[in-house]
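Visitor: no sequence on this one, just coordinates:
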């Protein structure tokens, strides 16, 4: 039997990529740097960041929607990616400044002097003057780019190997991933760990060597990069889940024990997806923080990762475009509501200020989605397409507790 | 430690003034002192006020009254420079004793350093005061800053009729003897009398005697009280530190630092070359060395000490630790006393740490127990558990604003917090959790939604500012065994509360019908249902019970920490950890988890006292690793239920 | 509060505020960049209201340059990256002429690159760790030499403290302040073993061990004093534990740099009487300006129980200094205003005046207050106005640095090599 080409098998991928390209083009043409200027630079940055978040959500959907690991520590990888690229951005920018300043001295600086001066600039703010060991490779863009995927990848590998090997799963695993990101956040919070503590790394929007380009142009470049990363990441994820590999991981989600008894190395499959997702998330982070301008440990607080899960759930887990929709819609909506520009809702006797009540609405809508629309927003597409789940009269699809239930199963 | 409030001094004054038949007479001497020093009285400084205080005190009882009022912040100064003692609405002139009506003086606010000086000056007369409270306050003042004069005063003072005060006085006298007596034998005797004592004041008296400094010399200094000789390169003295000492002595030249080398080269640039090396090449450290050597050879720069010279200089000297206290007999006795106390002190510190750990463990236990129950029965994690804790704390706050008596309000708040959160738990169960049966991950996320909604509602209702929840007076203060072992009463109360709930819980589980049914549902829901137990009702009851306990925990936590909308969030992760580490299904598991986490975090904290964050980080890392080895917790559930 | 709040602002951003040049009667826009939600909302909302009150009062006086002032309020939601985003929006979309905002150091560091890129003007109203001087920021709060150093001097001179416990929350302000204080104390001959430093996380609540450690330092036979840079909520637990341990202000005085009138509202202050705080303003300051300010504030906010605090005074001074500079320059353009503002003198609330210095800091008096039972402070010490020092003299690397904007056009000038280290700031 010949298999249909991957893209024909998954027409949704083409649709998503097409929409993404159209969106990027539109923003470019309306931007200040390359077009009419209708969209201000700050908005371009927001849109670029949203694309990065969507990529992180796609990775989240891979581990949660397809393998069934509810990882509440994804933002740890996201932030680690940001920290790794941030190290180079900070170091290289400071080095340019310091080198220019030291050039005024009668004697050219030795490499050691240069490094000390850089360290003093970066860490003087947080009361230290030595370059910590973890900054050893910060002068090299290549090294830090490798670290962007290597560090989160290794962390995921180590953590996943330990956890899956001991058969930690379900809620336990979720709590453990949460503990991981909390431990990392607390560690980064300490000044002594060498990442500038609570202040984190800042000034990341100024790309060394590109000072002349200007933020208006840079923001569009980053939008392109983010769109490309999202497109590629989406393609990779879609390809991964479409073939036999995809069938196996979905089977693991639905009944891990049975897959194991069928002879599949369950731990290996889980580990591959977990590590891959960590790396994708890290790339998203590495693109996100130069647009945000600052990264600090608050970015990987446990609650941030939970929000990521929330987006995927609201968008519709178990399908990749659901994750993208969830991330884009919820994050844009949230910022609109908390931005103080949403009109107040005048109820009889009480005026609802959205800055105060948006969180409540979000929390409750989240409960409602979980209860009544397990497929999330992307369930709408099924409804439009007239796809109905198989009728099982309310029974679980699998024989065990926790297997997919009728409402969740897309077929 | 007991500290009588400052008003005691005021009381002394009031008593003095109220004495019948003691008409306040004009005191011209006092008036003169006041007029002369009015500027200093307006703006006194601890460093300079002592002579003035002595001058005023010397003028007689009016002077003492003025001082007492001054220390008590009841002294005002009028625009024309008169001092008034203000008592309530009345004011009397400090110098003449005449009542002044309708005066509007600027009240003087001496800082606590100045007040200390004044109190210290008043001590001598207060020691023989008829009022025991005033004598006690005087002893407090001496304990705070005792001087040689105080030692004399203590010796001269008549025996105190109050045995406790007399004991305190004797002890103070011994302590002051150690510090201030001129007779070496008396000091040694005093040290030996208290030898082995671990109390803070005795150690505070000993440690200054044993303070040392390091000095470098070629021969042992003859007139110094040498503690010991140390060799450079040991833990006590690194070789670099030894060299620094020599530099400070002026016996050694500084070594050439990179900065000094650079500056020297920069100062000697001739025609674009320093020491014959082109300036452009000086970015290389080796080139700099060459250039500097060339300059040295040419005699342009002074030769700096080489490494070999430095090492030789270090080895040519001997290093001594020298006591600041000159009397060897005293330091020997002090050292012996300190050594005797050391083991006891370490043991007591251990016990104190244990108490802290126990207290933290009981807080974690209270916070986690409800979570463990619901997890055990339904296999769901309730992310809103932290918000139930918060609700309990806010209930306590609201009750306290409504009921004035703190004891009564606490007695009302505890059951009310239980009721409120029990109800909230039942509602949450009926509306959400029941519909997500057997889907633990969805439950986790849905309850998270509830959690953020509840937190924001709390913010909207109560504001983001911390709200006061104050414990009743009998829960304030601390239970103090000695100066080392001490624990605040509120923490003991929380420990007792945790014990109570442990007992109550065991009782419900082992001795009641409900407990039997809960255990049945935990072990095998299907079988339990076919035996006529309604698993839905049982789940609802346990959920309510777990939430109710969270509410109680909230009141307890609010009492010793803070009441904010983020209170629950601070404890929720620790509660998860406690449950996961302990193992689900038995209350003993939760107990073990709380004990382990509490103990471990306190031990780490004591190993690294400067950085509490590091302690928390290590604790979580430890938990992650621990789970690898015992994935089902310390006390795992056995049997088929464990596989569900 | 997090990522959720961090994104878009599409709609209103698109309604382009047409950058029409100032015409007669067209309002002058200023931006207010304070968190109205999230953890910092508790402190920052007050400052937003202060700015709005100042705007209202100024408009009642006939506005500025004959034009009314309009405040554009945005909410960065205690989310540091969002501060940069909102600042960019204020400067490019809303076209504001000055921004009043930020509280935490990290939020200021987040905004700095945007300000310097777009040549904005920020008035920063909170005491901070120093080591910074930007062309585009006027620091109206205290630098370390206007708060920390005098406070420590006070403890040393007036309270006779010899053994020090520096307790702080683990972030940049306590870290840098404690570094400066450590260097300063060692300068003054305090031995290293007489300085105990501890850092705790934000919102820390388990203080028993730390308080016990501090009390145990009494065994050294020296008077112990605590310098607290503990931030926010964590203070509640800390002071409760202090009270429970029976630590009175006479035994171990605690000098706090971050506890003011607002923070004490969450506490029963009966057990804290006598502990200290150092600020440049207390509500109990006696001056006619202060009485008027308090009355105006209570009326504006419509609540008789609301207190005033130091950052509010700093905001007020910043606003008045900006108004004076704009009037002097005759325009709201940033560069002429910056040129005009140096040397501007405006009255403060403690009976003196504040002068804007060439390093963009102010002269401020240092006040030490003792906590009273009613949650207010007794002022026990007040100095003459002290000029703010951007680069502290007590750390070797920054002792050689100087900032002089009108003179040298440089915020980081090395006086040893006589060269400008960098024109832009360290982020």
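Guide: Great, that's in hand. In this text, all values refer to a predicted model and were calculated from it rather than measured experimentally. Numbering: from 1, shown residues only, chains lettered A, B, ... in the order given.
Visitor: and the residue in the stretch 201-350 of chain A positioned nearest to chain C, what does it touch?
Guide: Closest residue of the stretch 201-350 of chain A to chain C, Cβ to the nearest Cβ: residue A:203 (3.2 Å). C-beta coordinates here come from the backbone N, C-alpha and C atoms, glycine included. By Cβ atoms under 8 Å, 6 or more residues apart in numbering or on different chains, the residues touching residue A:203 are A:89, A:90, A:93, A:293, A:294, C:109, C:112, C:113, C:427.
Visitor: contact partners for the third one?
Guide: Contacts for residue A:93 were tallied using Cβ under 8 Å, 6+ apart; they are A:203, A:206, A:208.
Visitor: neighbours of residue B:553, just the number please.
Guide: Residue B:553: 33 surrounding residues under other Cβ atoms under 10 Å in any protein chain shown.
Visitor: how about it, nearest residue that isn't a chain neighbour?
Guide: Counting by Cβ to Cβ, 6 or more residues apart in numbering or on different chains, the nearest residue to residue B:553 once its immediate chain neighbours are dropped is residue B:366, at 3.9 Å.
Visitor: show the contacting residues for the one you found.
Guide: Contacts here follow Cβ under 8 Å, 6+ apart; on that basis residue B:366 touches B:494, B:497, B:498, B:501, B:549, B:552, B:553, B:556, B:557.
Visitor: could you check the pLDDT of it?
Guide: Residue B:366 carries a pLDDT value of 91.
Visitor: from chain A, how far off is it?
Guide: To chain A, residue B:366 is 19 Å away according to Cβ to the nearest Cβ, to the nearest Å.
Visitor: next one: phi and psi at that residue?
Guide: phi -60, psi -40 (degrees, to the nearest 10).
Visitor: strands of the stretch 451-600 of chain B, residue ranges please.
Guide: Taking DSSP state E, counting those that start in this stretch, the strands of the stretch 451-600 of chain B run over residues B:478-480, B:486-488.
Visitor: over to the stretch 301-427 of chain C?
Guide: C:345-347, C:353-355, C:363-364, C:367-371, C:377-382, C:386-387, C:401-404, C:410-414, C:419-420.
Visitor: so for residue A:115, which of those strands sits nearest?
Guide: Of all these, it is strand C:410-414 that lies closest to residue A:115, at 18.3 Å by Cβ to Cβ.
Visitor: tell me which parts of the stretch 251-400 of chain B are close to chain A?
Guide: B:258, B:262, B:265-266, B:269, B:274, B:279-280, B:282-285, B:288, B:375, B:379-381 (Cβ under 8 Å from any Cβ of the partner chain).
Visitor: return the subset of those residues lying in strands.
Guide: B:269, B:274 (DSSP state E).
Visitor: for residue C:200, give me phi and psi.
Guide: According to degrees, to the nearest 10, residue C:200 has phi -120, psi 160.
Visitor: what sits closest to it if chain neighbours are left out?
Guide: residue B:612 (4.4 Å).
Visitor: contacting residues for the one you found?
Guide: By Cβ under 8 Å, 6+ apart, the neighbours of residue B:612 are B:605, C:198, C:199, C:200, C:201, C:204, C:210.
Visitor: sorry, back to before: nearest to residue B:563, of the contacts of residue A:93?
Guide: Using Cβ to Cβ, the contacts of residue A:93 come closest to residue B:563 at residue A:203, 38.4 Å.
Visitor: over to the closest one: give its phi and psi.
Guide: phi 70, psi 20.
Visitor: got it, and residue C:421?
Guide: Torsion angles, degrees, to the nearest 10, at residue C:421: phi -70, psi -50.
Visitor: one more: residue C:127?
Guide: phi -60, psi 140.
Visitor: measure it to residue C:356 for me?
Guide: 17 Å (Cβ to Cβ, to the nearest Å).
Visitor: any idea how far residue B:221 lies from chain A?
Guide: Counting by Cβ to the nearest Cβ, the separation of residue B:221 from chain A is 38 Å.
Visitor: that residue is in what secondary structure piece?
Guide: Using DSSP states H and E, residue B:221 is not contained in any helix or strand.
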